Each structure stands twice: as structure tokens, then as C-alpha cells.
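Novice: Would you be able to build a 3D model of this:
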Amino acid sequence: MRLDSTWLFNLGANVYGWFTAQPVWRSSCAQLAEQVPDLPGVRVADLGCGPGVSTFELARGRPDGTIVGMDVARRMLGEARGRQARATGSGRISWVQGDVVCLPFRTGSLDAVTGHSFLYLMRDREVALSEMLRVLRVGGRLVLMEPNRRAATVRGVLRLGRNPRHLVSVALWRPFSRVHGRFSAASLAATLERAGFVACRVDESLGGLGLLASAEKPTTALPRGESTLDW
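Specialist: Purely as a prediction, here's the structure:
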């Protein structure tokens, strides 16, 4: 049984915001944003957005899109809202508190769903992925960055950057993700395929610390819950 870390992210929201607001993490978020379809008015939900680093990169990469950052931790969203005024290209971002097991979006309403270092935290990954599949339109894209099971080296971490925030983030993220369960490229692709996604592709990112995955929705899914947003 996986642990529920919501309380921890609420408690450490400002600390998490501090160590993820650094060039290496932002670059990884920008890579994730590049995988989002370049469509006029693209609609994207960034799940587990935390203090908004990934959401702001999505807004920069898709400036004509409509972006919703969602997190279950209220204090994380407070951090994100506080940073929004200072983030360029963030005017079309809205924020919502919600749980991935019952996403507040209409069935088939989103062009893309993203999550940066998010799925590994889910206690019920199958239900979470079922909900992501539901809210995507036919052909819509899921893009995830998840921790890589492959062992990290000090040289590899330092090659990415020597910024103290980067080093702190790796020092915390690696053992934390080990407790919750990291992925290999094969296991992440298999997890997405079992959930009903197709065209799954998984590549190493973050110098091998992470895995960048993309997949698509092949057919519509039956709704599992009511929507609270007009999407």
C-alpha cells in the first residue's frame, strides 16, 4: 500500500517551492511542455502542479492555451497563486484543488493532461489513469515525467548542475521516490498501456534521473464522475 503524502506536501509547500524553482527543474518542466500538442486554444490540465513550476512552463510554451493547474494540497496551490503575478505568460492559468481519482473536468474535454513527478505518488495508479483517460478527447495526449528506477551517480547529478537547490531537490527526491516506487522505462510504458493508452513512448530525462513519457487516448471512455468545471 502506497503512502498518502498530502499532509507532507501541505506542511512543506514553501520548502518544495524553494527547491523546485531552479534551472534544472524548470528545464525538465519545459521539456514536458514541449510534448503538449501545439493546437490553437489547447486545453491542458497540469495535475499535481504543486507550486506551479510545471504549470508556468506550460503557459510559456503554449501561450494561446487555457491551462489549469490542479493539486490536492491547498497550501501548494497557495504557493502557486502567489508566484503567478511574477511569472511571465501566466495570465491564462487557473487553479483548482482536486483529487485525481475524481477529476473535475468533463469527459473528453481536454487536449492534454500533464503531470511532472506525479503518478508515482498515486496510491491507486489504475484509477488515476482511468480518470486521465476519461477527461481526454479522442487522440488527446498524456505527458508525464516520472522518477527513473535506474541508479543515479554523483557525477551525473553534478553534470546537470551544481546549484544548491538542484542538489537539495535530488537529495530529497531520490529517496522519497524510492519509498513510493519508481518506474523503469518498460514498466511505465506497460502501466500506461494497461490503462488503455496507445502510442506510448518513454525516454530518459533529467540526465537519467527521470523518464519522460507520452501516450494518447484511442477511444472515448465512459464517465466516472460529475464535472465541476465547464470543460
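Novice: The helix ranked longest in the chain packs against which elements?
Specialist: Longest helix in the chain, counting residues (DSSP state H): helix 164-180. When contacts are defined as 3 or more C-beta pairs under 8 Å, 6 or more residues apart in numbering; DSSP states H and E, helix 164-180 sits against helix 13-20, helix 23-34, strand 136-147, helix 154-160. Any C-beta I mention is one placed from the backbone N, CA and C, and that applies to glycine too.
Novice: Spell out the secondary structure type for the spatially most central residue of the chain.
Specialist: Nearest to the mean C-alpha position of the chain, counting by C-alpha atoms, centre = their mean, stands Gly115 at 1.3 Å. Put simply, Gly115 is strand when judged by DSSP: H, G, I helix; E, B strand; the rest coil.
Novice: Find the nearest non-adjacent residue to it, please.
Specialist: Nearest non-adjacent residue to Gly115, counting by C-beta to C-beta, 6 or more residues apart in numbering: Leu47, 4.5 Å away.
Novice: and if you look at Phe197?
Specialist: Nearest to Phe197 is Ala215, by C-beta to C-beta, 6+ apart, at 3.6 Å.
Novice: didn't that neighbour look like it was pressed against Arg194?
Specialist: No: in this structure, Ala215 is not within contact of Arg194 by C-beta atoms under 8 Å, at 11.2 Å.
Novice: Name the residue in those two with the higher neighbour count.
Specialist: Neighbour totals were compared for Ala215 and Arg194, and Ala215 leads with 27 against 11 (other C-beta atoms under 10 Å).
Novice: Excluding chain neighbours, what is closest to Ser187?
Specialist: Spatial nearest neighbour of Ser187, chain neighbours left out: Arg149 (7.4 Å); criterion: C-beta to C-beta, 6+ apart.
Novice: Show the backbone phi and psi for that neighbour.
Specialist: phi -70, psi -20 (degrees, to the nearest 10).
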